[in-house]
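The following comprises the amino acid sequence and a computationally predicted model.
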Amino acid sequence: MALVSERFRDLRSQGDCALIPFITAGDPDLETTAAALQVLDQNGADFIELGVPYSDPLADGPVIQAAATRALAAGVTLDRVLAMVKTLSPKLHAPLILFTYYNPILNRGIDQFMADIAAAGVAGLVVPDLPLEEVESLLTAAAAAAIDVTLLVAPTSPSDRIAAIAAQAQGFVYLVSVTGVTGTRSELQSRVKDLIEGLKANTDKPIGVGFGVSDPDQAQQLKAWGADGVIVGSAFVKRLAADTPEVALSTIGDFCRQLKAALG
């Protein structure tokens, strides 16, 4: 069993809701990213989602887009990200889930990409612009490399498509809680509860909810609505960029503990 699926199985058996922080690799630099991964790992993260900076991040809001732009300007590449991950992954308890767009995968070649990220110690993969109709070759290569590919379900998807996506998803199903891009929101839309319930009627796979989650109260609400995992991105990326690396690392550690306590 791939590591993401295995960890989710263990968490569900304990009645635990997973905390999945997201940060952008290379913002402000890869050394800080490596330190941030360790801070998150030590302060309650059950998985960590690591975004590979990309020049055209259509699913990302302004906070993560700006982080990707800064990282690219500093010369961060996929190879440099994977080299950092390879050094660090043996030290982490939380499985790493790579977030990248489809074009870099195609440019490298699907089989080679999967082999490279597996060799670096990556356990899971999220590809936000991967259409369901093109997922088969990616899933085949991922299975050979023991990588779980998580597929996204949009809140506007019709029920038959939601069922088809959930059937193909590995590790967990990523429920996008809002229509639009990533970013913090002041409150959760009540229909998210209905979306979670609808998904649970279509699959027994874990459901992680992301896009717009920004504070412990929202995380707690998602758990109460039945989410198996809560993904928090822009709120971490914003804190990591707000101060000197030393202060920012302390800030995200505190925030991670608060979120995990809310899910306890």
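Perfect, I can see it now. Residues are numbered from 1 along each chain as shown.

distance between the ends of stretch 125-142?
Distance between the boundary residues of stretch 125-142 (C-alpha to C-alpha, to the nearest Å) amounts to 9 Å.

Report the residue spans of this structure with pLDDT below the cut-off.
For the chain, applying pLDDT under 70 flags the ranges 1-2, 57, 59, 178-189.

And the strands in it?
For the chain, the strands defined by DSSP state E cover 18-24, 48-51, 96-99, 124-126, 148-153, 173-176, 207-210, 229-232.

quick one: which of those strands is nearest Ala67?
Set against Ala67 and scored by C-beta to C-beta, those come closest in strand 18-24, at 3.9 Å. Backbone N, C-alpha and C define where each C-beta goes, glycine included.

Report the strands that pair with that closest one, each with its relative direction.
Strand 18-24 pairs in its sheet with strand 48-51 (parallel), strand 229-232 (parallel), by DSSP bridges.

neighbouring contacts of that strand?
7-8, 11, 33, 36-37, 40, 44-51, 53, 64, 67-68, 71, 97, 99, 206, 208, 210, 219, 228-233, 236-237, 240, 252, 256, 259-260, 263 (C-beta atoms under 8 Å, 6 or more residues apart in numbering).

Val149 versus the closest residue to Leu263 other than its chain neighbours, what's the distance?
Nearest in space to Leu263, with sequence neighbours left out and distances taken as C-beta to C-beta, 6 or more residues apart in numbering, is Cys17 at 4.4 Å. Counting by C-beta to C-beta, to the nearest Å, the separation of Cys17 from Val149 is 22 Å.

Please apply the same query to Ser5.
Here Ser5 is placed at a distance of 11 Å from Val149 (C-beta to C-beta).

Let me have the strands paired with strand 18-24 in CSV, adding mean neighbour count and distance to Met114 as columns.
Below are the strands paired with strand 18-24 laid out as CSV (neighbours: other C-beta atoms under 10 Å; distance: least, C-beta to C-beta, whole Å):
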stretch, mean neighbour count, distance to Met114
strand 48-51, 26, 16
strand 229-232, 28, 22
